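K.L.:
okay, predicted coordinates and the sequence, questions at the end:
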Amino acid sequence: MDKTENRVILNANSISKSYGAHDVLKDISLEVHAGEVIALIGPSGAGKSTFLRCLNYLEHPTSGGLTLDGEQVFRNPLNPSKQELVQLRRRLGMVFQSFNLFPHLSVLQNIVLAQTLNGKRSKQEAEEYAMKLLTQVGLPDKASAKPSQCSGGQQQRIAIARALALDPEIMLFDEPTSALDPEIADEVLKVMRDLAETGMTMIVVTHEMRFAERVADRVLLLDGGRILEEGTPEQVFTNPTQERTKTFLQAVLNR
Amino acid sequence: MIFERWLEWLPALLEGLGVSLTLTACVALVGLPLGLVFGLLSTHQNRPVRTVFIVFIEILRGIPLLAVIYLLYFGLPSGGITLTAFVTMVIAHGLNLSAYSSEVFRAGILHVGPGQREAFASLGITQIKGFFHVVLPQAMRAVIGPMMSLLIMVFQSSSLAYTIGVGELTSKAFSIGAMTFQYFDVLALAGIIYAVICIASSRIASNVEERLKTGR
Amino acid sequence: MNGISIETLFSGIGAGLSITVILTVVSFVAGSVLAVPLALARTSHLWGLRWMAIGIIDICRGVPPLVWLLIIYYGISPLIALEPLPAALIGLSLISGAYLAENFRAGIDNVHKGQREAAMALGLTPTHQFWRVVAPQAVNIAMPPSASYAVSLLKDSAKASIIGVADIIFMAQLEVSRGAPAVLVFSIAAVLYLLVGIPLSYFSRYVDSVVRRKVVTV
């Protein structure tokens, strides 16, 4: 299915990010269509996570801007207001490499918290929705447990449910399985695959090449802060145009 | 106006400061080596020995310094021992410091894992040499920070010597206050002197700690 | 001994126990209350507020407790006729406030960065990020050092006797002035401090072990 025919849901325009003299991101632009699953791959330090974090402004780009659903997200992209930031982040969901579940709250409360504080649902509705999502990720029995009582894979699935609870337009995944053992990673990847099949727009920074190959609609290879290679999984994995891509893929796929 | 009086009182207060600093140094000279011994004994392999010292340290740490000062100051004379107030203070405070510093040394020694002991044992180095050349240098790095905090506290607690008539900074300030009835002004100046020294020492101490962590 | 039994000594000195406990508890509670705005100011983005907080904390901690008590009792008292006990409570509360503020600040700083990021990513307002995610965890981190501070506050309270507060040490001095043997009297005083302090110490270590299981730190 060629999703590039769908409407453009997110447009990242010429995103650059520098830390002092060090340029981490150099003029990256990306058009994301509704329902697309985009995989960001590349060597460490290439700027993949930084770029992802620029999309929900956990990092502020040094230049460039975002449009969501055709509208400019910020009046002044280089100096967004606190309100604008909050509004943006309520439309994008993020899943972190280190899960970042709230240890002082139960699993259910983790998923409920933002729903009620953001005024999205009443406590009752939020709890019902949270249970629905927990069931969706396969962990309904963990509702009253504390995060510390859950395994890594379970915590990550809960983190996905927590992000989904706000009905985001796009889900951002920052190396979601890098901190997990391979067998455990699979349970998380399965949830992500199921999510993709429901039509969720997803941008995933990952080292899991099989996931990128099978689930992604588009693969972007970042290197040294730039997009080195871009295309469908078939194009990037079987017929890369750049030498660097070939060397990277050889090194990675031979593991 | 207040500053003129401050300048007037400064020489006497600085004299008192000198006594406070001397006191601090003497207390450190007594308390730190003693603390090292206690710290070592509290990690001894022999369980009864270890327990005795752990209990002893707990007790010493659990008693206010003031109680120890009074106990020695008022108690020793009846035992036939008369010491100057200064010496009494050094002994009392030294004991107190030994209890606190023993904990720091203990943590520092334990911080150097048993692997180190196995390492030098397998190289044929004796226990004592191994301790001084392998364990202690590494323990020192962990110990410097907390130790400097303890010394700053010793300097602050030297003010308690006022209660037994040692002419340190607080006593000097208080007697000027008693004479002029301008307690607030003179005690404030004394307070500032203490604060400046403590704050500066703290900053230097954390600077040194940072260097040690990142440097070697 | 001249007819003074250990029991009478114990009850005589023990009369100061309640004052010692009051000094410790009230100062700790008042200090905790003071510490919250101080810690918030200390971690504020506003440069002026932050430096004012640093100044207050440094000065409160840099001046020895005894000097504080003397300043408040002898220095301020002429203006507002303060009794020894209130003066001691004010002094010890100020000092506790400064120490506890540092504990709270360290607690806030040591909450894992990812926690705040997760809260941000969920679109929580900065206020909610702090009060619902960071602060609860900061309190957990701050509890062990604060519990052990309570133990040292117990011992610091003895300084109040110097400005005339009728605590354990003061009552002990009273007995000595009445002719009781000093070593015995101050040993009893020491025992009383240990009776309160050692359980408090154990409680503090218990708090430490409970909290260790609950936090995600830097």
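P.N.:
Arrived safely.

K.L.:
show residues contacting the lowest-mean-pLDDT helix or strand in chain A.
P.N.:
Every helix and strand of chain A was ranked by mean pLDDT, DSSP states H and E. The lowest is helix A:243-253, at a mean of 83. Applying CB atoms under 8 Å, 6 or more residues apart in numbering or on different chains, the contact partners of helix A:243-253 are A:41-43, A:207, A:209, A:221, A:223, A:228-229, A:236-237, A:240. For every residue, glycine as well, the C-beta is placed using N, CA and C.

K.L.:
repeat for stretch B:3-22
P.N.:
Applying CB under 8 Å, 6+ apart, the contact partners of stretch B:3-22 are B:155, B:158-159, B:161, B:166-173, B:176, B:180, B:182, B:185-186, B:189-190, B:193.

K.L.:
thinking again about what came up before, for the least confident helix or strand of chain A, which positions count as buried?
P.N.:
The neighbour-count check on helix A:243-253 (16 or more other CB atoms under 10 Å in any protein chain shown) flags A:245, A:248-249 as buried.

K.L.:
now do the contacts for the residue nearest to residue B:109 when sequence neighbours are not counted.
P.N.:
Using CB to CB, 6 or more residues apart in numbering or on different chains and skipping the chain neighbours, the partner closest in space to residue B:109 is residue B:139 (5.0 Å). Residues counted as contacts of residue B:139 (CB under 8 Å, 6+ apart) are B:105, B:108-109, B:111-112.

K.L.:
which residues of chain C score low on pLDDT?
P.N.:
The model of chain C has pLDDT under 70 over residues C:1-4, C:213-218.

K.L.:
how about the residues of chain B near chain C?
P.N.:
B:58-59, B:62-68, B:70-71, B:74-75, B:78-79, B:156-157, B:159-160, B:162-163, B:170, B:173-174, B:177, B:183-185, B:187-188, B:190-192, B:194-196, B:198-199, B:202 (CB under 8 Å from any CB of the partner chain).

K.L.:
do you know how far residue A:3 is from chain C?
P.N.:
According to CB to the nearest CB, to the nearest Å, residue A:3 and chain C sit 25 Å apart.

K.L.:
and residue 83, how many neighbours does it have?
P.N.:
As the question left the chain open, I've gone with chain A. 9 (other CB atoms under 10 Å in any protein chain shown).

K.L.:
can you look at chain B instead?
P.N.:
With other CB under 10 Å as criterion, residue B:83 counts 14.

K.L.:
check it and give its pLDDT.
P.N.:
As predicted, residue B:83 sits at a pLDDT of 89.

K.L.:
in contact with the nearest residue to it once chain neighbours are set aside, which residues?
P.N.:
With CB to CB, 6+ apart as the criterion, residue B:83 has its nearest non-adjacent residue at 6.3 Å, and that residue is residue B:76. Contacts for residue B:76 (CB under 8 Å, 6+ apart) come out as B:82-83, B:88.

K.L.:
let's have those residues in JSON lines, adding secondary structure and distance to residue C:81.
P.N.:
Output for these, formatted as JSON lines (DSSP: H, G, I helix; E, B strand; the rest coil; distance: CB to CB, whole Å):
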{"residue": "B:82", "secondary structure": "coil", "distance to residue C:81": "40"}
{"residue": "B:83", "secondary structure": "coil", "distance to residue C:81": "39"}
{"residue": "B:88", "secondary structure": "helix", "distance to residue C:81": "35"}
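
K.L.:
which single one of those is nearest to residue A:193?
P.N.:
residue B:88 (77.8 Å; CB to CB).

K.L.:
the closest one against residue B:72, yeah?
P.N.:
Yes: using CB atoms under 8 Å, residue B:88 is in contact with residue B:72, at 5.1 Å.

K.L.:
close to chain A: what parts of chain B are there?
P.N.:
With CB under 8 Å from any CB as the criterion, chain B does not come near chain A at any residue.

K.L.:
which of the helices and strands in chain B ranks last by mean pLDDT?
P.N.:
helix B:127-130 (a mean of 74).

K.L.:
longest helix of chain C?
P.N.:
When chain C is parsed with DSSP state H, its longest helix is helix C:182-212.

K.L.:
check the offset of it from the chain's centre.
P.N.:
Centroid separation for helix C:182-212 versus its chain: 15 Å, with CA atoms, centre = their mean, to the nearest Å.

K.L.:
and for stretch B:162-178?
P.N.:
Centroid displacement of stretch B:162-178 relative to its chain, using CA atoms, centre = their mean, is 20 Å.

K.L.:
same question, stretch C:165-180
P.N.:
Worked out by CA atoms, centre = their mean, stretch C:165-180 lies 24 Å from the chain centre.

K.L.:
how about stretch B:32-46?
P.N.:
Distance of stretch B:32-46 from its chain centroid, counting by CA atoms, centre = their mean, is 16 Å.

K.L.:
so what touches it?
P.N.:
By CB under 8 Å, 6+ apart, stretch B:32-46 touches B:49-50, B:53-54, B:56-57, B:94-95, B:97-106, B:108-110, B:147.

K.L.:
and which of the buried residues of helix A:243-253 is nearest to residue A:178?
P.N.:
residue A:248 (16.7 Å).

K.L.:
and the gap between the closest one and residue A:210?
P.N.:
16 Å (CB to CB, to the nearest Å).

K.L.:
cool, and residue A:221?
P.N.:
16 Å.

K.L.:
the two: who's more crowded?
P.N.:
residue A:221 (26 against 11).

K.L.:
confirm that that one sits in a strand.
P.N.:
Yes: with the criterion set as DSSP: H, G, I helix; E, B strand; the rest coil, the secondary structure at residue A:221 is a strand.

K.L.:
all the helices of chain A, residue numbers only.
P.N.:
Counting by DSSP H, the helices of chain A are A:48-55, A:82-89, A:107-117, A:123-136, A:152-164, A:182-197, A:209-215, A:233, A:243-253.

K.L.:
among those, show me which one is buried the most.
P.N.:
Sort the helices of chain A by mean neighbour count, taking mean count of other CB atoms under 10 Å in any protein chain shown, and helix A:152-164 sits at the top with a mean of 25.

K.L.:
any residue of that helix up close to chain C?
P.N.:
Yes: using CB under 8 Å from any CB, helix A:152-164 reaches chain C at A:159, A:162-163.

K.L.:
which elements pack onto that helix?
P.N.:
Using 3 or more CB pairs under 8 Å, 6 or more residues apart in numbering or on different chains; DSSP states H and E, the elements in contact with helix A:152-164 are strand A:92-95, helix A:107-117, helix A:123-136, strand A:170-174, helix A:182-197.

K.L.:
mind checking these for the one nearest to chain B?
P.N.:
Of all those, strand A:170-174 sits nearest to chain B, with 29.0 Å by CB to the nearest CB.

K.L.:
shaky segments in chain B?
P.N.:
B:1-2, B:214-216.

K.L.:
at 80 what do you get?
P.N.:
The model of chain B has pLDDT under 80 over residues B:1-3, B:44-45, B:109, B:111-118, B:120-121, B:123-142, B:212-216.

K.L.:
which residue ranges of it form helices?
P.N.:
Going by DSSP H, chain B shows helices at B:2-41, B:47-62, B:65-75, B:85-111, B:114-122, B:127-130, B:136-157, B:169-180, B:183-214.

K.L.:
closest one to residue C:54 among those helices?
P.N.:
Proximity to residue C:54 (CB to CB) singles out helix B:183-214 among those, at 9.9 Å.

K.L.:
quick one: the closest one to helix B:136-157, angle?
P.N.:
Counting by axes from the mean of the first three to the mean of the last three CA atoms, to 10 degrees, helix B:183-214 lies at 170 degrees to helix B:136-157.

K.L.:
remind me what helix B:183-214 packs against, helices and strands.
P.N.:
Using 3+ CB pairs under 8 Å, 6+ apart: helix B:183-214 touches helix B:2-41, helix B:136-157, helix B:169-180, helix C:47-62, helix C:65-70.

K.L.:
can you list those helices in a markdown table and add distance to residue C:209?
P.N.:
Shown next, in a markdown table, are these (distance: least, CB to CB, whole Å):
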| stretch | distance to residue C:209 |
| --- | --- |
| helix B:2-41 | 23 |
| helix B:136-157 | 21 |
| helix B:169-180 | 39 |
| helix C:47-62 | 28 |
| helix C:65-70 | 30 |
